[in-house]
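**Q** task: produce atomic coordinates for the following.
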Amino acid sequence: MPLLCHHEGYVTTLTFNRPPANTMTMASFEALSNKLASLKDDKNTRVIILTGQGDKGFSAGFDLSEAAKSGQVHQYAQDLCNQLEAFPKPIIAAINGYALGGGCEIAMSCHIRMMIDSPKAVIGLPESNLGVLPVWGGTQRLPQLIGKAKALEMMCFSQKISAQEAFKIGLVDYVFSAEEFQQKVFDYAHALAKRPPLAVSAIMRAMYQGEKEGLAKGLEAELNEVIKLGASKDAIEGIQAFFQKREPNFTGE
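**A** Numbers count the residues shown, from 1 in each chain. Next up is the predicted model:
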């Protein structure tokens, strides 16, 4: 089974299950894409954690033994990364080891990146060592995250950097020690899952539209989303809780 699924509270953890490297095949992509599709409208899932099985790696990217299928796989991989990026619920990449090549590209497609601080945990896009280039969106997303010059340097020199350096340049958002990594990821995910799910998804859609289509479209999305949210039970609950000085109970309705 290329993908494991575990549900706890309102958090669903999806785990790449091809240790130790957790390399990606067509079956891996299909499993993840299908699972995302099933979770998109699942009211019991508000946050997704994406991680790798074992204690060595998140994912080393493309399984080179499937080189004969590379054209098909790469297009599918691009589509999957776009699916992750556009997903209307927060996806946390829990980078529990190395994230290289396609593994790094998948992590960059997630909305929040958390990385373990370990000597074996490195992240990067080393494809040019093989005479090729990142092709799952890496040439586009890495410059957006860390700037053009640093991204060019990382890709052209096939740099693999530590969690601390990745945090310093903005490639990952949080770094935790090995001892606390899993708990910190879960605590963050469950805290995020307590937030009003309709509002969180509306924020994500407006941000995504503005990022992809510009400020005017983003502002238009804000107006459309707030009109829809205004009539929701969550919005009424939030206002009532504010005046009653209590914690709101958001149901996603």
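
**Q** what's the distance between the residue of the chain most remote from its centre and residue 26?
**A** Using C-alpha atoms, centre = their mean, the residue of the chain lying farthest from its centre is residue 244. It sits 36.1 Å away. The span separating residue 244 from residue 26 equals 53 Å under the rule C-beta to C-beta, to the nearest Å. From N, CA and C alone the C-beta is placed, and that goes for glycine too.

**Q** do residue 129 as well
**A** 24 Å.

**Q** neighbour count: those two, which is higher?
**A** Just comparing residue 129 and residue 26: by other C-beta atoms under 10 Å the higher neighbour count belongs to residue 26, 15 against 9.

**Q** from residue 235, how far out is the residue farthest from the centre of the chain?
**A** 15 Å.

**Q** kindly report the same for residue 153.
**A** For residue 153, the distance to residue 235 - C-beta to C-beta - is 46 Å.

**Q** cool, and residue 63?
**A** 46 Å.

**Q** quick check: which ranges of the stretch 51-200 of the chain have low pLDDT?
**A** 67-70 (pLDDT under 70).

**Q** in it, which spans are strands?
**A** 57-59, 91-95, 98-100, 112-117, 122-124, 160-162, 174-177 (DSSP state E, counting those that start in this stretch).

**Q** dump the ones you listed to JSON lines, plus mean neighbour count and distance to residue 73.
**A** As requested, these are exported to JSON lines (neighbours: other C-beta atoms under 10 Å; distance: least, C-beta to C-beta, whole Å):
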{"stretch": "strand 57-59", "mean neighbour count": "29", "distance to residue 73": "14"}
{"stretch": "strand 91-95", "mean neighbour count": "27", "distance to residue 73": "20"}
{"stretch": "strand 98-100", "mean neighbour count": "28", "distance to residue 73": "16"}
{"stretch": "strand 112-117", "mean neighbour count": "23", "distance to residue 73": "23"}
{"stretch": "strand 122-124", "mean neighbour count": "24", "distance to residue 73": "20"}
{"stretch": "strand 160-162", "mean neighbour count": "17", "distance to residue 73": "22"}
{"stretch": "strand 174-177", "mean neighbour count": "17", "distance to residue 73": "30"}
